[in-house]
Structures are given as structure tokens and as C-alpha cells.
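S.K.: fold the following.
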Amino acid sequence: MNLTELKRWFYRKLYKESFDAFNWEIDLNKPVKEHCFVVFDTETTGTDLKRAKVLSIGAFRLQGLTLKFSDTLNLKLNISMDTLESIKVHGITPEDLKEGVSPKEACERFLEFSKGCLLVGYFVDIDIAVMRNLIKNACNGAFYPYHLDVIDLLSDKDQIPTLEELTKRLNLPTSNLHDALEDAYMTSLIFMKLIKRFQNHRVKELPLKA
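M.R.: I've put the predicted structure just below:
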């Protein structure tokens with residue numbers, strides 16, 4: 001049992017039914033090229049992970065390492081937003097959120113969209129942390145899924161690039177937009193390029209986290 005599997009064993013013992021209801025197993029022995037991945041990103045009210053609220057969620061589901069624009073999740077949450085600093089970063093205003101879904105619905109739809117897949121992101125621990133808070137507060141669940149950071153797929157990690165820098169380094173198209181769905185799309189392109197050298201490996205050979 002490796003460290004990631006040990007963590008999941010511990011969380012299952014700690015949270016019991018809540019763990020089983022809000023997490024899922026993945027086929028660790030399946031070839032990477034055949035597995036399902038959900039690449040996602042969030043926008044939040046701030047950088048304090050204990051207090052930050054999720055404003056929006058963007059996600060793409062990849063099967064066979066293929067991205068389909070029809071297989072996406074794009075949610076804004078109908079929550080109160082009292083900080084102007086975060087608006088400067090993501091451009092989301094209180095007006096944008098009025099037609100959003102409730103935190104509970106966002107939690108449920110994200111879990112339904114992602115179930116059975118390996119979650120992937122850029123500095124994904126941040127997104128996992130804020131989603132964990134959302135799922136705990138809105139759905140009364142414990143969220144400790146298998147996940148993978150595209151940063152861990154880089155062969156050279158001496159200097160960690162920004163998302164935009166990494167797209168340029170890999171000769172991928174860049175975007176001036178900064179929202180959850182667009183960042184999830186850019187991360188998907190990066191992931192598909194970096195994962196190629198692992199496509200014939202087993203999922204358990206990837207640098208998984210939990």
C-alpha cells in the first residue's frame with residue numbers, strides 16, 4: 001500500500017459512510033489512455049483556503065485522452081460576494097452570480113459529472129481544498145478523491161511556470177480570458193500533451209494524490 005492508498009484508507013476509516021458517499025474508486029490497473037479524466041478549475045472569493053468560497057466551476061471530461069466540447073461543466077454559484085479584490089482577478093461580479101445555482105446543486109452536479117474519473121488540475125490541491133469546503137458545507141460530505149496535478153507531469157520542475165507560461169512553453173494556444181472554464185480548457189490541453197509519455201502506463205504509475 002503506497003502513501004496515497006494509505007491516506008484513502010485512513011479517510012475512509014475516519015469519515016465512514018460520508019467518505020463512501022462522496023468519493024469513488026478508480027481502476028488503478030487500467031491503461032492511462034483508456035481511463036476517464038475530469039480536468040477542472042475553480043474561481044473563488046479569495047486566497048485564504050479556509051474562508052474562500054467557490055464562485056464558479058469549469059470542467060472538461062476526457063475519455064481516451066480525447067476532449068469533447070460537448071462534455072463540459074460550467075457553473076456559477078448564487079452566493080453573496082463582498083470582496084472587490086477577487087473581481088480584479090476573475091472579473092466575476094455579484095450581478096453575474098444572481099442566475100447561478102445554489103452551492104448544494106453545484107456540489108451535486110460536480111460530483112455527478114466527475115464520478116468514476118480521475119480529477120486533474122493545475123496546482124490542483126488548491127481547487128481540491130475549496131471543493132472540499134464546498135462539499136462539506138453544502139452537502140455535508142467528506143471529499144478526498146484521487147487527483148493528479150499537471151505540474152507533477154513536468155520533467156523539469158525547478159521553476160514552476162504559470163498556466164500561461166506553460167502553454168507557451170508547450171506551443172499551445174493561449175487565452176486572454178480568465179475564468180474557470182477557460183482555465184480548465186487550457187489545463188486540458190496541457191494535460192493531453194504531457195500525459196502522452198504515460199499513455200501506455202497503468203493509472204497507478206502516475207503521481208496520484210488523495
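S.K.: contacts and neighbour counts: CA atoms only from here.
M.R.: Fine.
S.K.: contacts only, for L154.
M.R.: With contacts defined as CA atoms under 8 Å, 6 or more residues apart in numbering, L154 is in contact with L194.
S.K.: mind running it again at 6 Å?
M.R.: Residues near L154 by CA atoms under 6 Å, 6 or more residues apart in numbering: none.
S.K.: for G64, same thing?
M.R.: G64 makes contact with 33-34, according to CA under 6 Å, 6+ apart.
S.K.: so where's the chain uncertain?
M.R.: Filtered on pLDDT under 70, the chain yields the residue ranges 81-91.
S.K.: please name the bridge partners of the residue positioned nearest the centre of it.
M.R.: Nearest to the geometric centre of the chain sits F40, at 3.6 Å (CA atoms, centre = their mean). With DSSP bridges as the criterion, F40 is bridged to A59.
S.K.: got the phi/psi numbers for I126?
M.R.: Dihedral pair for I126: phi -70, psi -50, per degrees, to the nearest 10.
S.K.: that older thread, was I right about the residue nearest to the centre of the chain contacting A184?
M.R.: Yes. Counting by CA atoms under 6 Å, F40 does reach A184; the two are 4.9 Å apart.
S.K.: what's the overlap in contacts for the two?
M.R.: In terms of CA under 6 Å, 6+ apart, F40 and A184 are both contacted by the residues 58-59.
S.K.: distance of K76 from P103?
M.R.: 9 Å (CA to CA, to the nearest Å).
S.K.: meant to ask about L118
M.R.: The spacing between L118 and P103, counted by CA to CA, is 22 Å.
S.K.: comparing the two, which shows the higher neighbour count?
M.R.: L118 (24 against 21; other CA atoms under 10 Å).
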